[in-house]
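> Dropping the sequence and predicted coords here.
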2 protein chains.
Amino acid sequence: MNNLSDVLPGKVSREPEDLRCYGFDASGLEAPPGAVVWAEDERDVVKVMQYADANNVPVIPRGAGTGMTGGSIPAEGAIVLSTERMNRILEIDKENLTVLVEPGVINGRLQRELERHRLFYPPDPSSLNFCTIGGNVAENAGGARAIKYGVTRDYVMGLEAVLSDGRVITTGVKTAKGVVGYDLTRLLVGSEGTLAVITKIRLKVLPIPEDVITLLALFTELEPSGEAVKSIIAEGIMPRTLEFLDAETIRAVENYKTIGLPRETEAMLLIELDGAPSVIMRDAGRISDICKKLKGEIIMAENELARMKLWEARRAVSPALFHISPTKINEDIVVPRSRLSEMLSRLRLLSRNTGIRIVNFGHAGDGNIHVNLMVDRANREEYEKAQKLVEEIFRVTLELGGTISGEHGVGLTKQDYIAMEIHPAELELMKKIKQAFDPKNLLNPGKIFP
Amino acid sequence: MNNLSDVLPGKVSREPEDLRCYGFDASGLEAPPGAVVWAEDERDVVKVMQYADANNVPVIPRGAGTGMTGGSIPAEGAIVLSTERMNRILEIDKENLTVLVEPGVINGRLQRELERHRLFYPPDPSSLNFCTIGGNVAENAGGARAIKYGVTRDYVMGLEAVLSDGRVITTGVKTAKGVVGYDLTRLLVGSEGTLAVITKIRLKVLPIPEDVITLLALFTELEPSGEAVKSIIAEGIMPRTLEFLDAETIRAVENYKTIGLPRETEAMLLIELDGAPSVIMRDAGRISDICKKLKGEIIMAENELARMKLWEARRAVSPALFHISPTKINEDIVVPRSRLSEMLSRLRLLSRNTGIRIVNFGHAGDGNIHVNLMVDRANREEYEKAQKLVEEIFRVTLELGGTISGEHGVGLTKQDYIAMEIHPAELELMKKIKQAFDPKNLLNPGKIFP
């Protein structure tokens, strides 16, 4: 790869330390690439793809590497194409409620910048302080606010992207509507870097909500928390978040960082409402009534500091779980909201039957549960048992009308299971689409499809 | 086509009257098919496609034929596959806020049925009392409420569809989130019947809004109406409709059906707010203040009857326009909201320079203008001049950052212009996608691509 450095002087590294750093992501998997390139604009991306096309070298587009399914783990000898330096917010168009950003912009930075303009970009994956908008688009990232505001896909209006042969395409529109030709924009969203390298993103944004209220509901039994979720929705209330932590998660959090949750808590809901103050105060009252009838205890945050305090437990989940076992197998199944309680009961039963500890938390409003199998990869017998349990969990999820991934995508870790959900005819169409975009299979090869 | 009737007894017609009826749509174009089939379920659709595949006969999926760009005009000898009899609402799932429908369900019927369950399906194309959900999905229909609630695409969670060779696919999920594989669902939305025949549709629905207020704002000059639209959005108010009628439209409506609008009205906004009563009353007051500062006159509907009265002018637009000239060339351009006034001025100038009467109305909140060139097809010179003017209008639209179609799609009538908006590399990808789905080019051939 000598002449790659000539094509992109000062932007290429083959230093072992860099290759190591860019060889892993949040999946825990690892495989060093052949080179790392830090592109600074779409012309750099074009150069990389022209080089890759001419030399048949695979290219792995990479945001911040916060993906959970190994989507940015390099193929052998691949170029990792980092978008970290493409981190400019190019335009904030308040009149048309859109922004234009480069893929390397950090989600949380965009959120804060927009707030200063009284604007709001709803998608908020848990990794929002690290993950990039480009990665969010490539994975169609969700988040806690999806129940009311939808996911990344719902905010992407148009894209600029570089094809595997180095040609630049633009998709979508700058306007609220547009129906000319097939929807290439939404096809690229969630395509996990396998179809094109995204170089510019036009997002829809909203006026900032007038006000926010945060509530914590604590239950001494599991079932009533599920009932509360159902009743809130049945009442026509649409909270912006409706997060759920089970007893195992709460205990893990308390052991990691004393928050002061009652020891007997078996389930916790973290509920956030936004909108006009009078309406959210009224709805907070209705939610309190629902939870109290179900013997839940309600804590309400009256100001920003109190809100942050309530989010503390939720934010502490990920670090806390790293302390309770060497390996965490993290799945992100979704079931229809009405089947949430049933799914949680089934998970409890599966845990009991296999002896494998399962910790559940996630987005109750969406039926999106983060199922964590707490094991030790070094214990081969246990790890294999856990792998089998994952398959069983997916089987139950699909039986209840769900999906095996709500937010994380397929990447490497879910490849073996994709055929459980997607039938051969649809998989065949997807593979043909991949071939139409990337006939030489240069872009993030070996991902999604087994 | 003798054995088509054997395969689908009682569901096939070759009667001249039927062929005539199924040979035209709202574009005004006409071409009789070779046969009409009324499918009753997806098995019938499978039989039609197996027959078509074996005999190389083109198939034109058809809802109610309300499309504006000739999308359901048959190719020569084609089978028109009507979904009219596939009109069952299969499931209303209040807990999970989804419905499952067949493609032949009329949009307005679904709206009314959902209302009885206190649910709400926002997309409301003007033809909602006639058009089908299947047609809405195939065209990615918009409507007046898109400013707040988005378009059809934003409500389609999953599809069942039949491929050109008769295989059945299912796409998407029943859940709020799902990121397994490429987004075939959104690829089928807006594909104008060229990729697959849609046989079942799972839609997201919302809790019904608590209350609605309707306002009419009348202006004696054009510019302040555009300023009002900008100011409303800048204030962070998000009406559910923000419709616009220009002076020509208002006069055409008054001549057709006396509504009683002041003669000197040069522009009218029809504004609807929904949500909690206290909030929409407050926001209606803010909108009144904005409009009054701009010398607009405000009329507010206090009840359902008054609301209907205010909508009368808007609803009368289409029939009224049919009375002012023999031929109406109806375009549905979109510009960024901030460029709306500029676009309207440019249109006025183009009308003056060419002597062709242009009537504009539409969705000001989206920047989506229905531009109507009032001509006489029999007057060849005038008609040719109008065709040239259409191209000029598209050129200006794109110059202002817009799109040549916000709602109607490409079909037949916009084919010659698609390359003005979509570049060769993207068109090539679209054609490859078409080939991946439909290698024999049987499904709605000759549409979208020139």
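That came in fine, so what should we check first? Numbering: from 1, shown residues only, chains lettered A, B, ... in the order given.

> Around residue A:372, how many other residues sit close by?
24 (other Cβ atoms under 10 Å in any protein chain shown). The C-beta positions use only the backbone N, C-alpha and C, and glycine is treated the same way.

> which outside residues touch the helix or strand harbouring it?
According to DSSP states H and E, residue A:372 maps onto strand A:368-375. If you take Cβ atoms under 8 Å, 6 or more residues apart in numbering or on different chains as the criterion, strand A:368-375 is touched by A:142, A:146, A:244, A:321, A:324-335, A:340, A:343-344, A:347, A:356-363, A:382-383, A:386, A:389-390, A:393, A:406-407, B:175-177.

> Pull up the gap between the residue nearest the centre of chain A and chain B, please.
Among the residues of chain A, the one closest to the centroid is residue A:141, at 3.8 Å (Cα atoms, centre = their mean). Here the criterion is Cβ to the nearest Cβ, to the nearest Å. By it, residue A:141 lies 8 Å from chain B.

> ok, and for the one helix or strand residue A:110 maps to, which residues are buried?
Using DSSP H and E, residue A:110 falls within helix A:107-116. Neighbour-count burial for helix A:107-116, with 16 or more other Cβ atoms under 10 Å in any protein chain shown as criterion, is recorded at A:107, A:109, A:110, A:111, A:113, A:114.

> measure the first one to residue A:115 for me?
Looking back up the chat, that one is residue A:107. Computed with Cβ to Cβ, to the nearest Å, the distance linking residue A:107 and residue A:115 is 13 Å.

> Quick check: end-to-end length of stretch A:229-243?
Distance across stretch A:229-243, first residue to last, is 10 Å (Cα to Cα, to the nearest Å).

> you'd agree residue A:273 is in a strand?
Yes. The assignment for residue A:273 (DSSP: H, G, I helix; E, B strand; the rest coil) places it in a strand.

> Which pLDDT value goes with it?
Here the pLDDT value assigned to residue A:273 is 97.

> likewise the one 10 residues further on?
Residue A:283 carries a pLDDT value of 97.

> Any idea how many residues pack against residue A:117?
That count, for residue A:117 with other Cβ under 10 Å as the rule, works out to 14.

> Contacts only, for it.
A:92, A:94.

> Is residue A:382 part of a helix or strand, or is it coil?
When classified by three-state DSSP, residue A:382 comes out as helix.

> And for residue A:245?
strand.

> Any figure for the gap between it and residue A:351?
From residue A:245 across to residue A:351, the span is 16 Å (Cβ to Cβ).

> So for these two, which residue has more residues nearby?
Legend: neighbour count by other Cβ under 10 Å for residue A:245 and residue A:351, higher for residue A:245 (28 against 20).

> shouldn't the more buried one be in contact with residue A:317?
Yes. Using Cβ atoms under 8 Å, residue A:245 is in contact with residue A:317, at 6.9 Å.

> can you list residues touching both of the two?
Common neighbours of residue A:245 and residue A:317, counting by Cβ under 8 Å, 6+ apart, are A:253, A:361.

> residues near residue A:9, how many?
8.

> Sorry, slip of the keys, the one I care about is residue A:348.
For residue A:348, the neighbour count with other Cβ under 10 Å is 16.

> Can whichever strand or helix holds it be said to contact chain B?
Using DSSP H and E, residue A:348 sits in helix A:340-354. No. Helix A:340-354 lies out of reach of chain B by Cβ under 8 Å from any Cβ of the partner chain, never closer than 10.1 Å.

> Which residue is the nearest non-sequential neighbour of residue A:77?
Leaving aside its sequence neighbours, residue A:77 sits nearest to residue A:34 (Cβ to Cβ, 6 or more residues apart in numbering or on different chains; 4.2 Å).

> Assess the claim that the one you found and residue A:75 are in contact.
No. Counting by Cβ under 8 Å, residue A:34 stays clear of residue A:75, with 9.4 Å between them.

> can you pull the contacts of residue A:267?
Neighbours of residue A:267 in contact, by Cβ under 8 Å, 6+ apart: A:218, A:219, A:221, A:222, A:224, A:225, A:244, A:245, A:246, A:247, A:250.

> and of the residues you listed, the nearest to residue B:198?
residue A:244 (34.8 Å; Cβ to Cβ).

> ok, now which ones touch that closest one?
A:225, A:229, A:267, A:268, A:269, A:270, A:360, A:361, A:362, A:363, A:364, A:369.

> Can you get me a residue count around the last one?
Looking back up the chat, that one is residue A:369. When neighbours are defined as other Cβ under 10 Å, residue A:369 has 26 of them.
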